[in-house]
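Visitor: Next one to model:
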Amino acid sequence: MNISPSIGIIGAGSWGTALAEVLAENGYHPLFWTRSNEISHEINSNHTNSLFLPGTILHKNITATSNIESLQSLDTIIITVPTQYIREVLTQYNCVLKDKIIISGSKGIEVHTLLTVSGILKDIDQTDDDHYVVLSGPSHAEEVVQHVPTTVMAASSNQIQAEYVQNLFNNSYFRVYTSSDTIGAELGGALKNVIAIAAGIIDGLKMGDNTKAALITRGLAEMSRLGTILGADPRTFAGLSGLGDLFVTCSSKHSRNRYVGEEIGKGRNIKEIISEMNMVAEGVATTESAWQLSTTHKVDMPIIEQTYQILFNNKNPMQAIYDLMIREKKSEHMQ
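Guide: Numbers count the residues shown, from 1 in each chain. Prediction:
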């Protein structure tokens, strides 16, 4: 007799809500945990999440709670909290996830520790490789809830768990592939947000398609260089969590990171832009982390370097583009 898994989602933002919708339509009963009593009440009473996915009516199988202890009896937990807050949330609320199957939907690298989500969870003794799966790929929440055909990957060193997550989510509009490259999936999902900020800056400056195509291509090369040094399979960066996610995040009107860059390109201040957003642009903090990683490991990442200088040292974007263009001449495939 098959017993349906019990599934909790930590974080009731747009992506967590979209994943809950997929699960609910697949016959499961996902339970949100959010520290916001207002969001919890709205989900339970109105079947909506108007702050993060306005206009979407949620499936009746979806419920929410503000009591973290409600997650303790569940066997599968999805984390969609912005990466910079995962450590704080889990420790502040004494959440115990050890021995549960953990699915990460968060994309970032923690500032100062330079850890991906799996590293954070291991650091606070919440998971191990056998219980951890990354769900990543080109997948804007706004389109998933509208059943726009979407493909993602479930990456885990434990093939059984990767296939378990594949079976949880896969349906006629949400196709899931498996992978064993956990670190590659995490780094691809995190680093593409930095390149997307740079792409937005190009949009804000109205530089044109040539410039943006060059940025995406060379940005992918930088992602692959750093990823390979950190133990990822370079082929991963040509796949869904690499090129796929990079393309959609650099191009889409739904991309928060691209939007941040576009506003910077128009001359606005980064602090002002962030203060007006009700969702987190993960790429801002990850820019600092990626720059620190490139410095620590001595990896040549000029786009990451210039994006860091623009965000954190107020460098003029036009000067940054000029400095990229006049760099030492190289072969395209030079590492």
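
Visitor: Dump the C-alpha coordinates for the helix or strand encompassing Val22 into PDB.
Guide: Taking DSSP states H and E as the criterion, Val22 maps to helix 14-25. Written as PDB, here are the backbone C-alpha positions of helix 14-25 (Å, rounded to 0.1, in the frame of the first residue of the first chain):
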ATOM      1  CA  SER A  14       5.700  33.400  -5.200                       C
ATOM      2  CA  TRP A  15       7.900  30.400  -6.000                       C
ATOM      3  CA  GLY A  16       6.800  28.400  -2.900                       C
ATOM      4  CA  THR A  17       3.200  29.200  -3.900                       C
ATOM      5  CA  ALA A  18       3.700  28.000  -7.400                       C
ATOM      6  CA  LEU A  19       5.300  24.800  -6.200                       C
ATOM      7  CA  ALA A  20       2.400  24.300  -3.900                       C
ATOM      8  CA  GLU A  21       0.000  24.600  -6.800                       C
ATOM      9  CA  VAL A  22       1.800  22.000  -8.800                       C
ATOM     10  CA  LEU A  23       1.800  19.600  -5.900                       C
ATOM     11  CA  ALA A  24      -1.900  20.200  -5.100                       C
ATOM     12  CA  GLU A  25      -2.900  19.600  -8.700                       C
END
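
Visitor: For it, which outside residues touch it?
Guide: 7, 9-10, 30, 32, 49, 52-53, 56, 58-62, 78, 80, 105, 135, 139, 141-142, 144-145, 168-169, 171, 174, 279 (C-beta atoms under 8 Å, 6 or more residues apart in numbering). For the C-beta atoms, the positions are set from N, CA and C on the backbone; glycine is no exception.

Visitor: For the nearest residue to Gln72 once chain neighbours are set aside, grab the count of nearby residues.
Guide: Nearest in space to Gln72, with sequence neighbours left out and distances taken as C-beta to C-beta, 6 or more residues apart in numbering, is Val96 at 6.5 Å. For Val96, the count of nearby residues is 14 (other C-beta atoms under 10 Å).

Visitor: Which SSE is immediately downstream of the helix holding Val22?
Guide: Counting by DSSP H and E, what follows helix 14-25 is strand 31-33.

Visitor: quick one: average pLDDT of that following strand?
Guide: On average, the pLDDT along strand 31-33 is 96.

Visitor: in this structure, what spans have low per-residue confidence?
Guide: Counting by pLDDT under 70, the chain has low-confidence residues at 1-3, 334-335.

Visitor: The stretch 51-200 of the chain: strands as residue ranges?
Guide: Using DSSP state E, counting those that start in this stretch, the strands of the stretch 51-200 of the chain run over 63-65, 76-79, 101-104, 132-136, 150-155, 174-179.

Visitor: Deepest-packed of those, please.
Guide: Mean neighbour count (mean count of other C-beta atoms under 10 Å) peaks for strand 132-136 among the strands of the stretch 51-200 of the chain, with a mean of 29.

Visitor: list the contacts for the most centrally placed residue in the chain?
Guide: Most central in the chain under C-alpha atoms, centre = their mean is Lys107, positioned 2.6 Å from the mean C-alpha point. Contacts for Lys107 were tallied using C-beta under 8 Å, 6+ apart; they are 83, 136, 186, 189-190, 192-193, 282.

Visitor: Not counting its neighbours along the chain, what's nearest it?
Guide: Closest to Lys107 by C-beta to C-beta, 6+ apart is Gly189, at 3.7 Å.

Visitor: Equivalent analysis for Thr151, please.
Guide: Nearest to Thr151 is Arg175, by C-beta to C-beta, 6+ apart, at 4.5 Å.

Visitor: for that neighbour, what are its contacts?
Guide: Contacts of Arg175 by C-beta under 8 Å, 6+ apart are 149-152.

Visitor: what angle separates the longest helix anywhere in the chain from strand 174-179?
Guide: Longest helix in the chain, counting residues (DSSP state H): helix 182-205. Angle between the axes of helix 182-205 and strand 174-179 is 130 degrees (criterion: axes from the mean of the first three to the mean of the last three C-alpha atoms, to 10 degrees).

Visitor: How far off centre is helix 182-205?
Guide: Centroid separation between helix 182-205 and its chain, computed with C-alpha atoms, centre = their mean, to the nearest Å, is 10 Å.

Visitor: got it, and stretch 128-136?
Guide: With C-alpha atoms, centre = their mean as the basis, stretch 128-136 stands 14 Å off its chain's centre.

Visitor: Dump it to PDB, restricted to CA.
Guide: Below are the C-alpha coordinates for stretch 128-136, written out as PDB (Å, rounded to 0.1, in the frame of the first residue of the first chain):
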ATOM      1  CA  ASP A 128      23.000  15.400   4.600                       C
ATOM      2  CA  ASP A 129      23.600  14.500   1.000                       C
ATOM      3  CA  ASP A 130      21.300  11.500   1.100                       C
ATOM      4  CA  HIS A 131      18.300  13.600   2.100                       C
ATOM      5  CA  TYR A 132      18.900  16.800   0.000                       C
ATOM      6  CA  VAL A 133      17.500  17.600  -3.400                       C
ATOM      7  CA  VAL A 134      17.800  20.900  -5.500                       C
ATOM      8  CA  LEU A 135      14.900  21.900  -7.700                       C
ATOM      9  CA  SER A 136      16.100  24.400 -10.200                       C
END
